[in-house]
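# sequence? don't have it. structure:
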């Protein structure tokens, strides 16, 4: 999933993780005297990486849990070169024989925060079976976070016109991308070019070995499904039980991916509008088609003239309005917030509520500071992963199909397919075989009206994986497991605990 303008799993840590939104810092304390897990066998270690797979961890107590920093090479092609640290938190029984690694997506969401959340969300029988492990990926959270733009510069980045319609606006968008890349390199050095998903997956294998597991058990949501599928493609023989919730098809090119996401957001928007117009006080009126056009016209108006918010120095821009409308579509529980924001925008010409939703999307606080670097990491990772980088000029010829699918989101999401055209770094990682032949059954979860990861991509990933098993949820919102759907919960828990695999899609 890409950003400047394509929306991925950026807010998953806020919506799925629920109450945990801050970065959890390691707390001080005496060094843990408990023994490290048994080291991995020598035959299990890739050549040249022995020192990383056999390193001795300095465990610390962090609350009731255990935390440690893992040293990994910045560039796996040069393991004797510079290194970086990734932070790991282990929640649960210290003597657990199995560990379940989790990741909330983004890319850029904190897996440590998500692990805390999942330790409350997973069933008791799952928690009896596994200790839960969160490893913040390289460059993310507290794992040597990638440093690029400062807060004021990132404000300008977010405010960049998502629908540039003249050469000057197009150039401004490209300048923002190259400017952020240059800032990443200046402030983070070599790491800026080495935060690809393949490198993160290789880090996960070192973490697996260091907790003493011979098999890698995984629960990944949104972009976490891409990371899980990448691990499976690289290390199919090491896959244990793997759940991919809110699946991404890793083989889609940028245009196909953006068009799929446009379809997903349009589907979610239509569900919201249908619900809204059934109520007497809907700010979109009583007719769904007219309401959708009213929303599309609003974005055009804000593009021409930013909307007042009560802060003369910070009116609502089209980019902020776009994200403010998109965020509540991630969860049906947020639909009333979108209705309230649109009521203010249409009724009082007040864009403050839409701006607040946009700020929530990017984890921007009232003081203008950002709680995490997720909005920047998502670009750095996705652009390194991109094998195709179409230009804005090339995408212009494709825009008709996007606007036909979604008058509200189409142009911005379509142009988002060019979001890596000016990114200067490239990955030298070899292509991954996403069939993952030899891996045991992998559960792939898809939700029929998921905006960010369209259901079709879950179908495609389950088919792409040699051992993929599709689990469908009929419903709204992003991802399936924490949706309250009992069928999904029972199916996933039975698989994680007993290895039970449905004979066919249960269509939850």
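Sure, I can see it. Owing to the predicted nature of the structure, the values given are computational and were not obtained by experimental measurement.
# in terms of contact, does residue 221 touch residue 246 like I think?
Yes: using C-beta atoms under 8 Å, residue 221 is in contact with residue 246, at 5.3 Å. Every residue, glycine included, has its C-beta placed from N, CA and C.
# where does residue 445 fall, phi/psi-wise?
Per-residue torsions, residue 445: phi -100, psi 130 (degrees, to the nearest 10).
# Run a quick neighbour tally on it.
When neighbours are counted by other C-beta atoms under 10 Å, residue 445 registers 31.
# who does it bridge with?
Assessed by DSSP bridges, residue 445 has beta-bridge partners residue 245, residue 471.
# Next one: it relative to residue 75, how far apart?
According to C-beta to C-beta, to the nearest Å, residue 445 stands 34 Å off from residue 75.
# Over to residue 284?
Here the distance between residue 284 and residue 75 works out to 51 Å (C-beta to C-beta).
# From residue 232, how far off is residue 226?
11 Å.
# How about residue 354, nearest residue that isn't a chain neighbour?
residue 324 (3.5 Å; C-beta to C-beta, 6 or more residues apart in numbering).
# I'd assumed residue 344 was in contact with that neighbour.
No: the pair residue 324 / residue 344 is not scored as a contact, 10.8 Å apart, by C-beta under 8 Å.
# which of the two has more neighbours?
Comparing residue 324 with residue 344 by other C-beta under 10 Å, the one with more neighbours is residue 324, at 25 against 19.
# pLDDT wise, what is the more buried one at?
pLDDT, residue 324: 97.
# what sits up against the helix or strand the residue nearest to residue 354 falls within?
In this structure, residue 324 sits in helix 318-326 according to DSSP states H and E. Residues from elsewhere that reach helix 318-326 (C-beta atoms under 8 Å, 6 or more residues apart in numbering): 5, 7, 158-163, 265, 269, 295, 298-299, 302-303, 306-307, 316, 338, 341, 345, 351, 353-358, 361-362, 408-409, 412, 451.
# among those, which are in helices?
Members of the contacts of helix 318-326 lying in helices (criterion: DSSP state H): 158, 265, 269, 295, 298-299, 302-303, 338, 341, 345, 353-358, 361-362, 412.
# next helix or strand past the helix or strand of the chain with the lowest mean pLDDT?
Lowest by mean pLDDT, DSSP states H and E among the helices and strands of the chain is helix 12-15, with a mean of 32. The C-terminal neighbour of helix 12-15 among helices and strands, as given by DSSP H and E, is helix 50-53.
# same for the helix or strand following that following helix, what does it pack against?
Later in the chain than helix 50-53, the nearest helix or strand by DSSP H and E is strand 60-62. Packed against strand 60-62 by the contact rule (3 or more C-beta pairs under 8 Å, 6 or more residues apart in numbering; DSSP states H and E) you find strand 65-73.
# How about residues contacting the strand it packs on?
In contact with strand 65-73 (C-beta under 8 Å, 6+ apart) are residues 26, 32, 49, 52, 55, 57-61, 79, 81-91, 94, 135, 138, 202-203, 206-207, 210.
# Need the buried ones from these selected in PyMOL.
Listed next is the PyMOL selection for buried residues among the contacts of strand 65-73, using 16 or more other C-beta atoms under 10 Å:
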select buried, resi 26+32+49+52+55+57+59+60+79+84+86+87+88+89+90+91+135+138+202+203+206+207+210
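# ok, now which ones touch residue 156?
Contacts of residue 156 (C-beta under 8 Å, 6+ apart): residue 176.
# Correction: the previous question concerned residue 173.
Residue 173 touches 4, 160-161, 164, 392, counting by C-beta under 8 Å, 6+ apart.
# Just give me the closest of those residues to residue 385.
Using C-beta to C-beta, residue 4 is the member of the contacts of residue 173 that sits closest to residue 385, with 15.3 Å.
# Residue 382 versus the spatially most central residue of the chain, what's the distance?
Nearest to the mean C-alpha position of the chain, counting by C-alpha atoms, centre = their mean, stands residue 106 at 1.8 Å. In this view, residue 106 and residue 382 are 9 Å apart by C-beta to C-beta.
# Was I right to think residue 204 contacts residue 216?
Yes: look at residue 204 against residue 216 with C-beta under 8 Å: they come within range, at 6.9 Å.
# Overlap in contacts, these two.
What both residue 204 and residue 216 touch, as defined by C-beta under 8 Å, 6+ apart, is the set 101, 231.
# ok, back up a step: any chance you could list residues touching both of residue 324 and residue 344?
Common contact partners of residue 324 and residue 344 (C-beta under 8 Å, 6+ apart): 353-354.
# for the stretch 301-450 of the chain, which spans come out with low pLDDT?
Within the stretch 301-450 of the chain, no stretch has pLDDT under 70.
# Which parts of the stretch 51-200 of the chain are strands?
Ranges of strands in the stretch 51-200 of the chain, per DSSP state E, counting those that start in this stretch, are 60-62, 65-73, 83-91, 99-103, 131-135.
# that older thread, when residue 284 and residue 75 are compared, which one has more neighbours?
Neighbour tally, residue 284 and residue 75, criterion other C-beta under 10 Å: the higher count belongs to residue 284, 22 against 17.
# And that one, how close does it get to residue 132?
In terms of C-beta to C-beta, residue 284 sits 42 Å off from residue 132.
# try residue 421
Distance, residue 421 to residue 132, using C-beta to C-beta: 39 Å.
# Kindly report the same for residue 382.
Residue 382 sits 27 Å away from residue 132, going by C-beta to C-beta.
# Just to check, residue 480 is in contact with residue 447?
Yes: Residue 480 lies in contact with residue 447 (C-beta under 8 Å); the separation is 5.0 Å.
# Which neighbours do those two have in common?
The contact sets of residue 480 and residue 447 overlap at 246, 473 (C-beta under 8 Å, 6+ apart).
# how about the helices in the stretch 151-300 of the chain?
Under the criterion DSSP state H, counting those that start in this stretch, the stretch 151-300 of the chain contains helices at 151-158, 167-188, 197-210, 223-234, 254-277, 288-304.
# for those, which one sits closest to residue 388?
Between these, helix 254-277 lies closest to residue 388; by C-beta to C-beta that is 5.6 Å.
# in the closest one, what counts as buried?
Judged by neighbour count using 16+ other C-beta under 10 Å, the buried positions of helix 254-277 are 254-255, 257-273, 275-277.
# quick one: it to chain centroid distance?
Its chain's C-alpha centre and that of helix 254-277 lie 18 Å apart, by C-alpha atoms, centre = their mean, to the nearest Å.
# Perfect, I'm done here.
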